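Asker: no letters, just coordinates:
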């Protein structure tokens, strides 16, 4: 008789640990920029120091995630690759423009992927965000469209801020502007999630 092996359920990180691994490098980046001068770093060099710390913290966070889960979620992976590439160019060429454009590149990329997928009737949000929601097809389309537009909005905001404000303001905006805006937007989608939840979704 053929023996059927049970497929082990997909593991998920505890929410708090997941939050620390995904947002920790950004917080470390902010702290390194804020306190670099206390360690003898000049004002015009502290963003370079913070960028180097950001790259290291990103690699460490991704490594820990992979060690625990043996896989990497798409969004942090893509963001991490861009951090390493553009952060590396920032340090190599001593040009702060690259790290400042990183959020623009990442958010534009995600916006293009999500809205581009809709053109081909593909709702890619569950893949991009490593989502655990169970929605109807209409729900996924609407949520994907909204997040696609939101990512483009974040890209535009980043361009406006880094081109018109100081370096310190831009760094603070990444932590105290982008993060709260993203949380508020995500929470604002709760009614849509409730309306389009699949009634036949298995309970976990």
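Answerer: It's in. Note that the coordinates shown come from a computational prediction; the quantities given were computed from them, not determined experimentally. Residues are numbered from 1 along each chain as shown.

Asker: what segments of this structure are helices?
Answerer: In the chain, the segments counted as helices under DSSP state H are 15-35, 46-69, 74-93, 97-119, 125-128, 137-164, 167-173, 179-188, 190-195.

Asker: now these as TSV including mean pLDDT and mean neighbour count?
Answerer: C-beta here means a position set from N, CA and C on the backbone, and glycine is covered the same way. Output for the helices of the chain, formatted as TSV (pLDDT from 0 to 100; neighbours: other CB atoms under 10 Å):
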stretch	mean pLDDT	mean neighbour count
helix 15-35	90	17
helix 46-69	94	18
helix 74-93	93	17
helix 97-119	94	19
helix 125-128	75	19
helix 137-164	95	18
helix 167-173	94	18
helix 179-188	93	12
helix 190-195	92	11
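
Asker: next one: stretch 138-157 to chain centre, how far?
Answerer: Here stretch 138-157 is found 14 Å from its chain centre; the criterion is CA atoms, centre = their mean, to the nearest Å.

Asker: hmm, who's touching it?
Answerer: Contacts of stretch 138-157 from elsewhere in the structure, counted by CB atoms under 8 Å, 6 or more residues apart in numbering, are 103-104, 107-108, 110-111, 114-115, 117-118, 123-126, 129, 135, 177-178, 181-182, 185, 189, 192-193, 195-197.

Asker: same thing with stretch 21-35?
Answerer: Stretch 21-35 is contacted by residues 13, 46-47, 49-51, 53-54, 57-58, 60-62, 64-65, 76, 83, 167-168, 171-172, 174-175, 179 when judged by CB under 8 Å, 6+ apart.
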